[in-house]
Each structure stands twice: as structure tokens, then as C-alpha cells.
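*Asks:* what would the 3D arrangement of this be:
(chains A and B)
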Amino acid sequence: MSITLISKEGAQFLVSKPVADRIGVVRDCAYGADFWLGYAVATDDSMGITLANVTSSILSKILVWCEHYKDMEPLVDGDSNMEFPEWDMAYIGHDMNQILFVLEAADYLHIPGLLLLACKGIADVLDGRNPRGICDLLGIVMDFSHRQEVDMDKENGYWRWFLHPT
Amino acid sequence: MPLPMLPTELWEDIFELAELEEPRLRGQRILLRCALVCKAWNPVALRVFWRHLFINDYFQTQRLSRYLATNASRGHYPCLQSRSLEIHATRDIHEYLHRDLLNTLYPYLGSLRSFKLCYAESNWDLDALAEACGCTLEYFSASAEPDNDFLRMLNRLQILRSLSISVSVSFGSWAVPDSHLSLPQLRHVAITLATRKLDVFQCFDFPLLEECQLQMLFSDAVVNVSVFDLFLSRHAQTMTNLTLRIGPQQRGDNHRIIMDLPNLRIMTKLRVLHTQGILTPGELAFLPPSVEELALDLHSRGSAAQQDATFEFLDALLDGLPVATKVVRPCPWWIRDSLDWHSYDKNRAEESFAIGMCQRAERGLHRGIHVIDRNGLSYGSYACRKSASH
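*Replies:* Below you'll find the predicted structure:
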């Protein structure tokens, strides 16, 4: 059995059941409560599920992850050893824009394993950047007033010392 | 296309992953930089920052102490958000820790779920700590020789559930006849001894003890094993897990004491036994029948003798010795990645070891005994993976 996923732009992606099962939203839509009892409701190959918040490029990237993990369990939050496999790190890459969209889509589609991987990807990109660099990267406006910045700087003086003893 | 606006909860997830970066200080640096990005990020990043504190430097200690004291005077207690605190004290900050940091930390200890203090000194004033500590507390003592003062201090920690002591100096006043350490709530004790005497166990009394780990570092012959045997008999009704690592790791199986522990036989609740080196068939027959899991650290790299001993042990187990063992975990330390068959191929000895283990794992399955590796995977699964990879 397979399911057709339709992206925001209307592009169609035909995926097999094990791949679709990785996507929480699709799983719930396609099988409903009976899925948990083992009786699939949807048996029609032509059935389509529209994912209005996910673009074609992001959906195709997400399906690569789902295909990779169709037969095995990904790392999940709470695992004692939080070391991601090499494949995962190569998959998520260092393109902040793309990771953010993947993260947003993984949250919307309810894919916990991919959500965790995207969080890790962003954490890695943040590493080594100063606050100004992070703002530029993400298009965030530094909204501290001058006074607040001075206060923060004073306060963070403790922390800088705390972290950078010389 | 504009970048997506993520909800605060997702940023908190991201910061929590950043905080786990190794080394720990790197993760804390990322969080502090994120706190300076914008007003929305500031409270989220700081909340994660304070949740798990890790200190291992004199300057950090000094600065944190002053920071906490200054904030406390303004009625602000950031450390109350902390759930775990780990202090790795080094010799140069003992004095400072003793004087200032612990005093400033006392108000926060009640909110902690985990507090790990390494290298505690016996002369520290820990009365208040004993009062305030409602969390798991671990102690390691390195530079000071444990003595009666140290024992008295530990005796005050009546709600302690986990105790870890590493004694790396010469054995001394632990053996004072009047010494006594009684901790009514203790469930787990780990003792590392840089001595060949086991006398220290005569003064321990932990009525609810479930798990005991003994590590001896010296290669000399073990002295006064009977004292440890009596310790086992005193805790026979509660202890379920026992770890015995006698001697340095690389030559661990030179020192065998199991046959000198007759009280092992009366430990009817013992379920898990962890030893260093492979057991002989005689030692296997000596174990209490209640043992369901055997974990065995093997330390002779590529040694044919070690391999033969392992196979002999497993054959004895599989040929029907009357024990309740359902899980056997032989752990050759050289196998780091149990799924990497290519590393076996580089070393014929390791490959022949793995193949032998696979064959015995299959035999074990017929008897309901699982032969598994350190990652909990059956050796039998190697055979499948091996054939699939070829």
C-alpha cells in the first residue's frame, strides 16, 4: 500500500506505508484510530493527503530521512547516549535556513526524531558565533535598549569571567 | 522567503541540546551568547544555563560564589532553577570551596536533584550540607586520607542514597576498630581502594543496600577477604547487584577471590554479578543459584588463552550447570563498536572470537540463555549481519 502526499505547491509524492508511518500527522490521517488496532482504513493507492504548510523541497528532504529510518528507530529525546550517527549529521548539514524549515516542518508533521536532529543541527550552527553574528544569521533584531545592554554586559561580566578565566 | 518564527518551546529544546555539547564549558558558552541575542531568548537561555551547573576551576568557583552572594543580597536566587550541580574541585581550590562556595550554595541544595562533589575533604564543614541535601550525593576523596573525622561527617548524611568513595592514598585509619559508618537509606555504594586490604568493610552497615561495587587498584594479593565476606553476609537479604573488580584492569583475572567468599552462597537475592575476568567452571558452580545475569569484563587483548577460557566457561554454563542465569554479558574491552564487522576483519583473532561467541549464542538460545555484548545485542545477531554484509 502507498500514500500520496501533496506539498504546498501541489507536487505529489508517492510513499510506501513504512515511510509514511514515520510522519505522525500522515499516520493519524491515513489510518485513524484503527491503525493502532492493526486495521488500516486507507487501502486506496490514489488517496492523497495535502500538507499545506510544507514546501516541495522541504518535503522531499524530509522523505529522505523517513526512507532512511523506515526500518530502524532514530535517536529520541531522553536516550542516555545523545550521539547522533554520522549519517544524521551529514543529512542535516550546516545550512541554517534549510534546517529551520526542516525543524518547522518536523514540528508540524509530528516527527520527533527529525525534530531532535534539527534542534541539534541548529545548536551546532550557533556554536562559535557571538550574539551579533547569531542575530545576523537569523535576521533577529537586537531589541535590548542601550541601558539594558550596559546592565546585561555588567551582569554577564560575571559569566564571562565564569567561562573564560584567564 | 522569510525565516520561520519558531515557538519558545522549540528554542528551549535547541538550547538544551547546545548545553550537552562536550566539553561542558563549550555548551555553557553557547547558552550565554544566546542569552545576549534578544529579549525573547534571554530568559529561555538563562533558564537552561542554570539548570545544570558544572564547575571545575578556581576562577569559576570564585566568580560564581561572588555572583550568588551579590544576587542573594538583592533577593535574587538564580541557582534555585538548578537541578544538577557538579563541582570538580582541584587541590588549589579546596580552601576556597571550604570557606565560601559551600556557604553560598547551602540555600540552593534542597532544590537539586543531583549534586556531585568530587574530592571532598574530611575537614570541610558539611553539617549544613547534611541538613540541606535532599538529593543524590556522591563523594570522592582523593587528597585526604579517610579517617574517623571523615566517617563522622558521612554518618551525618542520613538521607544519602548513593555513596562513591575513591581512596587513592595509603590505607590508614579506616581500620580503626571503633570506626563505624551507618547509613540507613543507602542503596548504592561504590568503593575504589588503592590498597590490598579489605578491612574497610568491617565498619560499614547499610541496612537497605542493594548495589555494591568494589574496585581494587593494586596488583598485590588481596588481604583479609573474610572481612568482605562478612560484609556480604550482613547484607545478604537486600543486595541484588554485586560488582567485583580485583586488581588492575589489564591483569584483573590474576586475582580471584570468589572461592574465598562462602557467604556468596547465602545471598538469595543476588540477581546480577559483575566480575573482572572470566569465571572458571568451578567458580561458576560456586555462585548462588539466584544469579540471573553475569557480566564479565575481559581484558586480555586478542589473547588465545582468554578466548579459550571464555569458551570453556560458556560451554560449562550451556552444558547445564544448575544456575538460574538467563543473561551472560562477556565484554571484551577492545570491541568498541559492536556492529563494526570491518574491525573484526582486520584481526583474525577477534573475528574467530566473535564467530565462536555466535555459535555459543545460538546454543544458548535453545536453553533460554542470552549471550549478549556490552550494548545489549545478542552475539547471534552478528552472524546475521555478517552474512548480510557479504
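
*Asks:* which residue ranges make up each domain of chain B?
*Replies:* Structurally, chain B divides into domains by automatic domain parsing as follows: B:7-51, B:52-389.

*Asks:* same check on chain A?
*Replies:* A:2-127, A:131-166.

*Asks:* the chain: strands as residue ranges?
*Replies:* As the question left the chain open, I've gone with chain A. A:2-6, A:12-16, A:48-50 (DSSP state E).

*Asks:* look at chain B instead
*Replies:* Counting by DSSP E, the strands of chain B are B:52-55, B:84-88, B:114-118, B:136-139, B:162-167, B:181-182, B:188-193, B:204-205, B:211-216, B:241-246, B:272-276, B:293-298, B:327-332, B:370-371.

*Asks:* mean pLDDT lowest for which of those strands?
*Replies:* Per-stretch mean pLDDT for those is lowest at strand B:136-139 (a mean of 54).

*Asks:* ok, and the closest non-adjacent residue to B:A236?
*Replies:* B:M267 (4.6 Å; Cβ to Cβ, 6 or more residues apart in numbering or on different chains). (C-beta placed from N, C-alpha, C; glycine too.)

*Asks:* and chain B, which residues reach chain A?
*Replies:* Applying Cβ under 8 Å from any Cβ of the partner chain, one finds that chain B approaches chain A through B:2-4, B:6-7, B:10, B:13-15, B:17-18, B:20-21, B:25-26, B:28-30, B:32-39, B:41-42, B:57-60, B:63-64, B:66-67.

*Asks:* for the closest residue to A:D124 other than its chain neighbours, which residues are in contact?
*Replies:* Nearest non-adjacent residue to A:D124, counting by Cβ to Cβ, 6+ apart: A:H94, 7.2 Å away. Residues counted as contacts of A:H94 (Cβ atoms under 8 Å, 6 or more residues apart in numbering or on different chains) are A:121, A:124-125.

*Asks:* hmm, back to that, the strands of chain B into TSV, with extra columns for distance to A:M89?
*Replies:* As requested, the strands of chain B are arranged in TSV below (distance: least, Cβ to Cβ, whole Å):
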stretch	distance to A:M89
strand B:52-55	23
strand B:84-88	27
strand B:114-118	29
strand B:136-139	33
strand B:162-167	34
strand B:181-182	47
strand B:188-193	35
strand B:204-205	47
strand B:211-216	35
strand B:241-246	35
strand B:272-276	34
strand B:293-298	31
strand B:327-332	28
strand B:370-371	32
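
*Asks:* in JSON lines: those strands, plus mean neighbour count.
*Replies:* Shown next, in JSON lines, are the strands of chain B (neighbours: other Cβ atoms under 10 Å in any protein chain shown):
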{"stretch": "strand B:52-55", "mean neighbour count": "20"}
{"stretch": "strand B:84-88", "mean neighbour count": "18"}
{"stretch": "strand B:114-118", "mean neighbour count": "19"}
{"stretch": "strand B:136-139", "mean neighbour count": "20"}
{"stretch": "strand B:162-167", "mean neighbour count": "19"}
{"stretch": "strand B:181-182", "mean neighbour count": "17"}
{"stretch": "strand B:188-193", "mean neighbour count": "19"}
{"stretch": "strand B:204-205", "mean neighbour count": "19"}
{"stretch": "strand B:211-216", "mean neighbour count": "20"}
{"stretch": "strand B:241-246", "mean neighbour count": "21"}
{"stretch": "strand B:272-276", "mean neighbour count": "21"}
{"stretch": "strand B:293-298", "mean neighbour count": "20"}
{"stretch": "strand B:327-332", "mean neighbour count": "20"}
{"stretch": "strand B:370-371", "mean neighbour count": "21"}
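
*Asks:* which intervals of the stretch 151-300 of chain B have sub-threshold pLDDT?
*Replies:* In the predicted model, the stretch 151-300 of chain B carries pLDDT under 70 at residues B:153, B:166-178, B:219-220, B:248-255, B:298-300.

*Asks:* where do the helices sit along it?
*Replies:* Along the stretch 151-300 of chain B, the segments classed as helices by DSSP state H, counting those that start in this stretch run B:225-234, B:281-286.

*Asks:* can you list the buried residues in the longest one?
*Replies:* Buried residues in helix B:225-234, defined by neighbour count with 16 or more other Cβ atoms under 10 Å in any protein chain shown: B:225, B:227-229, B:231-232, B:234.

*Asks:* dump these to CSV, plus distance to A:L115.
*Replies:* Output for these, formatted as CSV (distance: Cβ to Cβ, whole Å):
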residue, distance to A:L115
B:V225, 54
B:V227, 54
B:F228, 50
B:D229, 53
B:F231, 49
B:L232, 48
B:R234, 50
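
*Asks:* of all those, which two lie farthest apart?
*Replies:* B:V225 and B:R234 (15.1 Å; Cβ to Cβ).

*Asks:* excluding chain neighbours, what is closest to B:F49?
*Replies:* Going by Cβ to Cβ, 6+ apart, B:F49 has B:L31 as its nearest residue, at 4.3 Å.

*Asks:* pLDDT at that neighbour, what is it?
*Replies:* With respect to pLDDT, B:L31 has a value of 86.

*Asks:* was I right to think it contacts B:R51?
*Replies:* No: between B:L31 and B:R51 there is no contact under Cβ atoms under 8 Å: 9.7 Å.

*Asks:* comparing these two, which shows the higher neighbour count?
*Replies:* The residue with more neighbours, out of B:L31 and B:R51, is B:L31; 26 against 16, by other Cβ atoms under 10 Å in any protein chain shown.

*Asks:* most neighbours per residue, which of the strands of chain A?
*Replies:* strand A:2-6 (a mean of 19; mean count of other Cβ atoms under 10 Å in any protein chain shown).

*Asks:* what's that one packed up against?
*Replies:* Identification of packing neighbours for strand A:2-6 by 3 or more Cβ pairs under 8 Å, 6 or more residues apart in numbering or on different chains; DSSP states H and E yields strand A:12-16, helix A:17-20, helix A:24-31, strand A:48-50.

*Asks:* please redo it, this time with the cut-off set to 6 Å
*Replies:* strand A:12-16, strand A:48-50 (3 or more Cβ pairs under 6 Å, 6 or more residues apart in numbering or on different chains; DSSP states H and E).

*Asks:* in terms of mean pLDDT, which of those strands ranks lowest?
*Replies:* Among these, strand A:48-50 scores lowest, at a mean of 83.

*Asks:* sheet-wise, list the partners of that one with their directions.
*Replies:* strand A:2-6 (parallel) (DSSP bridges).

*Asks:* between helix A:24-31 and the partner strand, find me the angle.
*Replies:* Using axes from the mean of the first three to the mean of the last three Cα atoms, to 10 degrees, the inter-axis angle of strand A:2-6 relative to helix A:24-31 is 120 degrees.

*Asks:* avg pLDDT for strand A:2-6?
*Replies:* On average, strand A:2-6 scores 86.

*Asks:* where are the low-confidence patches of chain A?
*Replies:* A:1, A:30-47, A:77-81, A:152-166.

*Asks:* alpha carbons of stretch A:53-61, as CSV, please.
*Replies:* This file holds the C-alpha atoms of stretch A:53-61, laid out as CSV (Å, rounded to 0.1, in the frame of the first residue of the first chain):
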residue,chain,number,x,y,z
ASN,A,53,2.5,24.1,5.3
VAL,A,54,5.3,22.1,3.7
THR,A,55,7.1,23.1,0.5
SER,A,56,8.1,20.6,-2.1
SER,A,57,11.8,21.0,-1.5
ILE,A,58,11.5,20.5,2.3
LEU,A,59,9.0,17.6,1.9
SER,A,60,11.4,15.8,-0.4
LYS,A,61,14.2,16.3,2.1
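
*Asks:* right, is it up against chain B?
*Replies:* No: Stretch A:53-61 lies out of reach of chain B by Cβ under 6 Å from any Cβ of the partner chain, never closer than 8.4 Å.

*Asks:* quick check on the closest residue in space to B:L186 that isn't next to it in sequence: phi, psi?
*Replies:* Nearest non-adjacent residue to B:L186, counting by Cβ to Cβ, 6+ apart: B:F206, 4.3 Å away. Per-residue torsions, B:F206: phi -130, psi 90 (degrees, to the nearest 10).
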